[in-house]
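Peer 1: Dropping the sequence and predicted coords here.
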Amino acid sequence: MVLLKAKEIYLEEKVLFNSAIAVENGCITAVDIQQEQSFCGDIIDLGSLKLLPGFIDIHVHGGNGYDIMDSTYEAVNGISEYKILEGVTAFCPTTVTCDTEGLKNALECIKQSKDRGVNGARIIWPFIEGPFINILRKGAHRAEHVNEKPDGSIYDLIESYGGKLSLLMAPELNGALDIIHGLTGKGMNVRIGHSNADFETAVEAVENGSNIAVHLFNAMEPVSARSPGIISAALLNNGIYAEIICDLVHVHRACLELLLKVKDKDKIILITDCMRAGGMSDGEYSLGEEAVTVKNGVARTLNGNLAGSTLKMIDALKNLNDNFSVEFCDIIKMASLNPARALGIDRECGSIAYSKRADLIAVDDNLNVKFVMVDGIVKKSINML
């Protein structure tokens, strides 16, 4: 049993001051402990740090020189170790559009890595981003592997993984709405994006079970006077969560301001969409099979399309906190409780509460990550106090 003391502890609806929580067998067993003299166990005093729920990145392709499409345990484990450095305690390893064999290999590797266990952030389940996208909104995805006629191959991919997963679907594709309805009815998480869907089709996708719009504003039709599109549907419909890449490159500040003013704060999810170059220097990299150049930390394909990001989750929080009028408690939820709720795993993680997983981080006043715990285990690679 471990007692964690901190100056501030951020719960779902309030902040505890100069308090403590207890952790045992990987779970939170008590909250707001004031009498440490009666506690039997180890005590970790975090001093003036803020204790937060661990972040959940539901859209991440790579980092630290690794890509999920490398399809090796070394890559998946290396990404998991990199993610804890930015405060992420759980993540969805995310694929990119490629041939069927490549996708199946990546999914098999993710499954084996999850079963074996990784040393850093915990694997939730994979997110298959592509090939079922609109080729006009492919972004950095390879055109030759895009599949605009979704069919039984979707079910083959799901069967190859053998468990719950997330999958991207452009809802305007022929038969896509029926597929969305069928997959979500079986417990799968279906997101929409890389799409030219009109407003009505996007709303239908939500009605059929889709509940996340992928990296809002990016790789989708812009809003116009008579074509509000998927962006407006996501802004106005609280049945869907909005992913956002808050690196101040992918999305203009005015669009971020619009999102924050229009969308319920509980329906916004911070993601990194980080690729192989995360944590690395500028240079030549790849996103799946696509060649990528990183300059000043911005990743682009050879034709100039943005190719994921090099964003750290903690920096996304800093960008919101420093540049916009948003309550800090709301910002924390965008990186923890909101993604947990969107995936339906909020009973086990996403906030500091009794019986939930002890996925915890501590930050200083400048939002530098100083401490990370995953499933009650302190990660030694973090720069401790």
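Peer 2: Arrived safely.
Peer 1: quick one, longest helix in this structure?
Peer 2: Longest helix of the chain, by residue count under DSSP state H: helix 100-116.
Peer 1: Packing partners of it?
Peer 2: Here helix 100-116 touches helix 73-84, strand 88-95, strand 122-123, helix 153-161, going by 3 or more CB pairs under 8 Å, 6 or more residues apart in numbering; DSSP states H and E. Yep, even glycine has a C-beta here, placed from its N, CA and C like the rest.
Peer 1: Turn the ones you listed into a markdown table, columns for mean pLDDT, mean neighbour count and distance to residue 207.
Peer 2: Shown next, in a markdown table, are those (pLDDT from 0 to 100; neighbours: other CB atoms under 10 Å; distance: least, CB to CB, whole Å):
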| stretch | mean pLDDT | mean neighbour count | distance to residue 207 |
| --- | --- | --- | --- |
| helix 73-84 | 98 | 22 | 34 |
| strand 88-95 | 98 | 28 | 24 |
| strand 122-123 | 98 | 22 | 31 |
| helix 153-161 | 89 | 16 | 20 |
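Peer 1: So which of the ones you listed is nearest residue 367?
Peer 2: strand 88-95 (14.0 Å; CB to CB).
Peer 1: So, low pLDDT: which residues of the stretch 1-150 of the chain?
Peer 2: Applying pLDDT under 70 to the stretch 1-150 of the chain picks out residues 35-39.
Peer 1: returning to what we had before: compute the inter-axis angle for the longest helix of the chain and helix 153-161.
Peer 2: Orientation of helix 100-116 against helix 153-161 (axes from the mean of the first three to the mean of the last three CA atoms, to 10 degrees) gives an angle of 30 degrees.
Peer 1: Which parts of the stretch 151-300 of the chain are helices?
Peer 2: All helices of the stretch 151-300 of the chain, identified by DSSP state H, counting those that start in this stretch, fall at 153-161, 176-185, 199-207, 229-236, 253-262.
Peer 1: In JSON lines: those helices, plus distance to residue 334.
Peer 2: Shown next, in JSON lines, are the helices of the stretch 151-300 of the chain (distance: least, CB to CB, whole Å):
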{"stretch": "helix 153-161", "distance to residue 334": "28"}
{"stretch": "helix 176-185", "distance to residue 334": "23"}
{"stretch": "helix 199-207", "distance to residue 334": "20"}
{"stretch": "helix 229-236", "distance to residue 334": "15"}
{"stretch": "helix 253-262", "distance to residue 334": "10"}
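Peer 1: Of all those helices, which one is nearest residue 23?
Peer 2: Shortest separation from residue 23 across the helices of the stretch 151-300 of the chain is recorded for helix 153-161, at 31.3 Å, computed as CB to CB.
Peer 1: circling back: put together JSON lines for the helices and strands packed on helix 100-116, with distance to residue 244 on each row.
Peer 2: Output for the helices and strands packed on helix 100-116, formatted as JSON lines (distance: least, CB to CB, whole Å):
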{"stretch": "helix 73-84", "distance to residue 244": "18"}
{"stretch": "strand 88-95", "distance to residue 244": "16"}
{"stretch": "strand 122-123", "distance to residue 244": "23"}
{"stretch": "helix 153-161", "distance to residue 244": "26"}
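Peer 1: The ones you listed: which one's closest to residue 218?
Peer 2: strand 88-95 (14.3 Å).
Peer 1: So which other helices or strands are in contact with the closest one?
Peer 2: strand 55-60, helix 73-84, helix 100-116, strand 122-123, strand 127-128, strand 369-374.
Peer 1: Quickly list what residue 31 is bridged to.
Peer 2: Residue 31 forms beta bridges with residue 21, as assigned by DSSP bridges.
Peer 1: coming back round to it: out of the helices of the stretch 151-300 of the chain, which is the most enclosed?
Peer 2: Ranked by mean neighbour count, those are led by helix 229-236 with a mean of 22 (mean count of other CB atoms under 10 Å).
Peer 1: mean confidence score for that one?
Peer 2: Taken as a whole, helix 229-236 has a mean pLDDT of 97.
Peer 1: just stretch 328-347 next, same as before
Peer 2: Stretch 328-347 shows a mean pLDDT of 98.
Peer 1: so where do the strands sit in the stretch 201-350 of the chain?
Peer 2: With DSSP state E, counting those that start in this stretch as the criterion, the stretch 201-350 of the chain has strands at 212-213, 241-245, 268-271, 283-287, 290-295, 298-301.
Peer 1: Mean neighbour count and mean pLDDT added to these, as a markdown table?
Peer 2: Shown next, in a markdown table, are the strands of the stretch 201-350 of the chain (neighbours: other CB atoms under 10 Å; pLDDT from 0 to 100):
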| stretch | mean neighbour count | mean pLDDT |
| --- | --- | --- |
| strand 212-213 | 28 | 98 |
| strand 241-245 | 25 | 98 |
| strand 268-271 | 28 | 98 |
| strand 283-287 | 17 | 96 |
| strand 290-295 | 17 | 96 |
| strand 298-301 | 19 | 96 |
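Peer 1: closest one to residue 87 among these?
Peer 2: Among the strands of the stretch 201-350 of the chain, strand 268-271 comes nearest to residue 87, with 11.0 Å by CB to CB.
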